[in-house]
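**Student:** the amino acid sequence is not available; the structure is as follows:
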């Protein structure tokens, strides 16, 4: 299966302050997985990732194949990430 878009959200180290997992990234990922499944079906995959090396930028996510990085996210930024995924599907 080939996805039209693949969202990765860092969920690393939920037990360590200053890491994406500690900031609520797993909650954000779970919400987006459900929302993207409902809106886009199998065209979009939402996955957890390990550390992306940008811990100083809050929760980090990246949308492929576009390579769009989303930095300084909070667990309340579901709409921001959803719109980035939606934008990645334009013209596909």
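**Tutor:** Noted; the coordinates are in hand. The shown structure was predicted, so the numbers you read here are calculated from the model rather than taken from an experiment.
**Student:** give me the contact list for the helix or strand in which residue 80 is found.
**Tutor:** Residue 80 belongs to helix 78-88 when assigned by DSSP states H and E. By Cβ atoms under 8 Å, 6 or more residues apart in numbering, the surrounding residues in contact with helix 78-88 are 4-5, 7, 9, 28, 31-32, 35-36, 39-40, 44, 61, 63, 66, 68, 70, 73. C-beta here means a position set from N, CA and C on the backbone, and glycine is covered the same way.
**Student:** looking at the residues you listed, which are in strands?
**Tutor:** Assignment to strands by DSSP state E places the following of the contacts of helix 78-88 there: 5, 7, 9, 44, 61, 63, 68, 70, 73.
**Student:** if I pick residue 77, what's in contact with it?
**Tutor:** Counting by Cβ under 8 Å, 6+ apart, residue 77 touches 28, 59.
**Student:** the chain should start at 737 in everything you say after this.
**Tutor:** Okay, residue one is now 737; in that scheme the one you just asked about reads as residue 813.
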